[in-house]
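Colleague: my questions concern the predicted model and sequence given below.
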Amino acid sequence: MAFTPATTEQRFLLDHVVRIDQLAATERYAAASDDVVDAVLEGVGQFAAGEWAPLNRAGDTVGAKWTPDGVVMPDGFAQAYKDYVEGGWGTIGVEEEWGGQGLPFAIQTAVLDTLGSANMGFALCPTLTVGAIEALAHHGSPEQQALYLPHLATGEWTGTMNLTEPQAGSDVGALRATATPLGDGKWSIKGTKIYISFGDHDMAPNIVHLVLARTPGAPAGTKGISLFLVPKFRLNEDGTPGAFNDVRVVSIEHKMGLHASPTCVLSFGDTDDCVGELIGAELGGIRAMFTMMNNARLNVGLQGVQVAEGATQAAVAYALDRVQSARAGSASRDSVKIVEHPDVRRMLMRMKAQTQAARALVYYAAGQVDRANLGDAAARNRLELVTPLAKAHGTDLGNEVASLGIQVHGGMGYVEETGAAQYFRDARITPIYEGTNGIQAADLVGRKLALDNGGAFATLIADIRAEATDANLIALVDACEDIGRRLATSDADDKLAASYPFLTMLSVATCGWLMERQGRIAANGSDDFSRMKTAAARFYLEQIVPEAMGLKAAATASAAVLYSISPEAFAA
């Protein structure tokens with residue numbers, strides 16, 4: 001199956017959900033003219049289809065390999081990555097002063113969307129570099145920015161995030177890695193980090209690790225954490241990579257999927273010769289970490305879109321090719337393509353609608369990033385509120401769509417030859433990393449509903465209600481408003497027990513708002529894209545929005561039943 005970039009869909013969302021024209025009207029984003037946007041979308045589409053998509057299967061079947069000298073990527077990856085760097089695709093959303101193009105984050109999102117839809121595991125590498133750029137741009141010293149950002153901006157060097165340790169998963173405050181001052185502004189770094197995506201590879205001359213560690217005398221918990229810049233190779237006087245910095249890849253994980261992305265165990269300072277630099281203030285690691293994490297959470301939500309796009313394209317291609325059985329109720333007993341069967345059409349329509357909804361939600365959040373960067377305080381609050389929705393719901397939908405893709409393929413979906421199973425295996429990690437989706441739900445009800453004394457939530461509800469005309473959507477918005485008010489005063493157990501169904505309801509309401517808008521605009525067109533867009537919006541409002549209303553009972557139930565038994569009773 002050939003990969004087809006979703007260029008028309010992306011342009012439609014940039015116009016009608018992101019409203020890129022408003023951004024282009026500002027001085028900061030004046031370069032985002034129609035011709036530039038079109039050139040970027042079309043160019044990256046051609047690049048992804050020509051160079052990254054053909055490597056997708058090898059990334060899964062061959063995968064990244066550990067060797068004593070470091071991780072080796074499958075054949076073709078190093079050249080394809082070099083072409084990515086030379087094409088300038090990493091520079092899209094980076095500030096011009098660091099060698100970037102200064103275009104909106106929303107356009108950078110579209111670029112990563114296309115690359116990841118073509119090859120999700122490969123695209124994780126530049127996705128992580130974006131987070132490193134954000135952290136250094138906001139918290140790095142001028143010297144660090146000058147030395148590292150130009151290389152990270154192009155992608156010539158790649159970046160990683162090093163948070164997790166064997167004893168400290170989601171509980172970041174339990175980490176034990178240490179940083180000891182060397183007396184010259186440098187620090188000796190020592191410790192082990194696990195689950196480090198692209199922690200090592202052979203595609204770039206240097207890898208810039210951002211590492212959370214404890215300094216001597218630091219308080220326990222998250223308050224005692226600092227962030228350090230630790231390159232794989234220390235820099236020479238002229239800024240080029242020099243001596244090895246005692247960062248070793250101990251192993252890579254044997255995973256269910258995402259085999260093109262090496263998930264590394266990294267050991268820092270085995271020979272006491274790992275040197276790092278403090279990023280920002282000592283004990284300021286959590287603040288800097290959240291700069292990385294908030295960016296990463298949106299991009300993980302985008303991974304849900306990527307895998308949904310790939311799975312949908314594969315399912316549609318199979319359904320248009322596979323011939324089996326006569327259509328029920330037809331006078332002819334001749335077998336037809338399975339796309340003619342009602343249940344297959346139902347699955348394909350659901351895949352299309354959910355993929356469009358997830359993409360709209362993530363692109364909408366990306367547009368809020370750009371408005372927040374322009375100093376819009378309301379947009380910053382809106383971004384804070386919708387980030388857990390984009391991450392959690394986007395990845396939930398990626399998993400749902402990938403699973404449906406296997407179902408459309410039938411028995412052939414369960415064997416590896418068709419490639420349908422790869423999407424499902426690749427998708428499954430996304431609700432787990434960068435803060436599990438349960439953590440996203442807890443964040444929503446524990447912190448985000450209270451933003452601006454509840455004003456951020458209230459204005460989102462008001463904005464949806466002002467535009468909504470569909471009766472199902474209006475009912476769901478009303479339910480979300482009522483539950484949100486109730487959760488604001490609930491006790492901790494009840495609030496957290498209800499958090500996930502509530503997050504899903506609010507996500508569907510937000511997606512429904514954006515889908516209804518798109519359907520209304522597309523109804524004026526007569527081409528296949530417009531007809532599909534209109535039908536997908538109608539399907540979403542008629543079938544998916546009412547499903548979310550079915551979560552109301554779960555979102556209002558108390559946690560009493562969850563604690564009516566002892567922990568040991570779960571093993572009964």
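Modeller: Cool, got the structure. Numbers count the residues shown, from 1 in each chain.
Colleague: low-confidence stretches in this protein?
Modeller: 1, 169-170 (pLDDT under 70).
Colleague: what residue of it is the furthest out?
Modeller: The centre of the chain is farthest from one residue, Ala331, which by C-alpha atoms, centre = their mean lies 47.9 Å away.
Colleague: OK, contacts around the closest residue to Ile133 other than its chain neighbours?
Modeller: Excluding the flanking residues, the one nearest Ile133 by C-beta to C-beta, 6 or more residues apart in numbering is Leu152, at 5.1 Å. The C-beta positions use only the backbone N, C-alpha and C, and glycine is treated the same way. Counting by C-beta atoms under 8 Å, 6 or more residues apart in numbering, Leu152 touches 98, 129, 132-133, 136, 158-159, 208.
Colleague: returning to what we had before: gap between the residue farthest from the centre of the chain and Ala296?
Modeller: Distance from Ala331 to Ala296, counting by C-beta to C-beta, to the nearest Å: 56 Å.
Colleague: how far is stretch 412-426 from where the chain is centred?
Modeller: Centroid displacement of stretch 412-426 relative to its chain, using C-alpha atoms, centre = their mean, to the nearest Å, is 21 Å.
Colleague: end to end, how far does that stretch reach?
Modeller: Distance across stretch 412-426, first residue to last, is 18 Å (C-alpha to C-alpha, to the nearest Å).
Colleague: again with stretch 268-278
Modeller: Start-to-end, stretch 268-278 (C-alpha to C-alpha) is 15 Å.
Colleague: list the buried ones in it?
Modeller: Within stretch 268-278, the residues that count as buried by 16 or more other C-beta atoms under 10 Å are 268-269, 274-278.
Colleague: redo the residues you listed as CSV? Include secondary structure.
Modeller: As requested, those are arranged in CSV below (DSSP: H, G, I helix; E, B strand; the rest coil):
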residue, secondary structure
Phe268, strand
Gly269, coil
Cys274, coil
Val275, strand
Gly276, strand
Glu277, strand
Leu278, strand
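Colleague: tell me which two of those residues sit farthest apart.
Modeller: Within the buried residues of stretch 268-278, two members stand farthest from each other by C-beta to C-beta: Gly269 and Leu278, at 15.9 Å.
Colleague: quick check: longest strand of this structure.
Modeller: For the chain, the strand with the greatest residue count under DSSP state E is strand 186-197.
Colleague: which other helices and strands does that one contact?
Modeller: Strand 186-197 sits against strand 158-162, strand 178-181, strand 207-214, strand 225-231, strand 263-268, strand 275-279, with contacts defined as 3 or more C-beta pairs under 8 Å, 6 or more residues apart in numbering; DSSP states H and E.
Colleague: any chance of those strands in a markdown table with distance to Ser507 as columns?
Modeller: A markdown table is the format used below for the helices and strands packed on strand 186-197 (distance: least, C-beta to C-beta, whole Å):
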| stretch | distance to Ser507 |
| --- | --- |
| strand 158-162 | 25 |
| strand 178-181 | 39 |
| strand 207-214 | 30 |
| strand 225-231 | 31 |
| strand 263-268 | 28 |
| strand 275-279 | 33 |
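Colleague: nearest approach to Ala488 belongs to which of those?
Modeller: Across those, Ala488 has its closest neighbour in strand 225-231 (29.8 Å, C-beta to C-beta).
Colleague: could you give the angle of the closest one to strand 263-268?
Modeller: 90 degrees (axes from the mean of the first three to the mean of the last three C-alpha atoms, to 10 degrees).
Colleague: quick one on the thing from earlier: which strand or helix spans the residue nearest to Ile133?
Modeller: Using DSSP states H and E, Leu152 sits within helix 142-154.
Colleague: buried residues, that helix. List them.
Modeller: 144-145, 147-154.
Colleague: nearest to Ala24, of those residues?
Modeller: Of those, the one sitting nearest to Ala24 (C-beta to C-beta) turns out to be Ala153, at 21.6 Å.
Colleague: might one say that that closest one is in contact with Ala132?
Modeller: No: applying C-beta atoms under 8 Å as the test, Ala153 and Ala132 come out as separate, 10.4 Å apart.
Colleague: tell me the secondary structure at the residue nearest to Ala326 when sequence neighbours are not counted.
Modeller: Closest residue in space to Ala326, ignoring its immediate chain neighbours: Arg333 at 4.8 Å, by C-beta to C-beta, 6+ apart. Classification of Arg333 by three-state DSSP places it in coil.
Colleague: residues contacting the closest residue in space to Pro150 that isn't next to it in sequence?
Modeller: Of all residues not flanking Pro150 in the chain, Gly99 sits nearest, at 4.5 Å (C-beta to C-beta, 6+ apart). By C-beta under 8 Å, 6+ apart, the contact list for Gly99 reads 91, 149-150, 153-154.
Colleague: again, but for Asp452
Modeller: Taking C-beta under 8 Å, 6+ apart, we find Asp452 in contact with Asn381.
Colleague: need phi/psi at His259.
Modeller: phi -70, psi -20 (degrees, to the nearest 10).
Colleague: which residues of the stretch 301-450 of the chain fall in helices?
Modeller: Applying DSSP state H, counting those that start in this stretch to the stretch 301-450 of the chain gives helices spanning 342-373, 377-409, 420-427, 437-446.
Colleague: secondary structure element holding Leu473?
Modeller: Per DSSP H and E: helix 471-488 holds Leu473.
Colleague: so how far is that helix from its chain's centroid?
Modeller: On C-alpha atoms, centre = their mean, the centre of helix 471-488 falls 27 Å from that of its chain.
Colleague: which elements pack onto it?
Modeller: helix 455-467, helix 492-522, helix 545-549, helix 552-556.
Colleague: just the buried residues of it, please?
Modeller: 472-477, 479-481, 483-484, 487.
Colleague: so that helix versus helix 437-446, what angle?
Modeller: 80 degrees.
Colleague: so which residues make contact with helix 471-488?
Modeller: With C-beta under 8 Å, 6+ apart, helix 471-488 has contacts from 445, 449-450, 454, 457, 461, 464-465, 468, 494-495, 498-499, 502, 505-506, 508-509, 512-513, 516, 541-542, 545-546, 548-549, 552, 555-556.
Colleague: just the buried ones among those residues, please.
Modeller: Among these, the ones that count as buried by 16+ other C-beta under 10 Å are 445, 449, 457, 461, 464, 468, 494-495, 498-499, 502, 505-506, 508-509, 512-513, 516, 541, 545, 548-549, 552, 555-556.
Colleague: can you count the residues close to the residue nearest to Ala326?
Modeller: 8 (other C-beta atoms under 10 Å).
Colleague: for it, give me phi and psi.
Modeller: phi -100, psi 10.
Colleague: quick one on the thing from earlier: widest-spaced pair of the contacts of Gly99?
Modeller: Using C-beta to C-beta, the contacts of Gly99 reach their maximum pairwise distance at Thr91 and Leu149, which is 10.9 Å.
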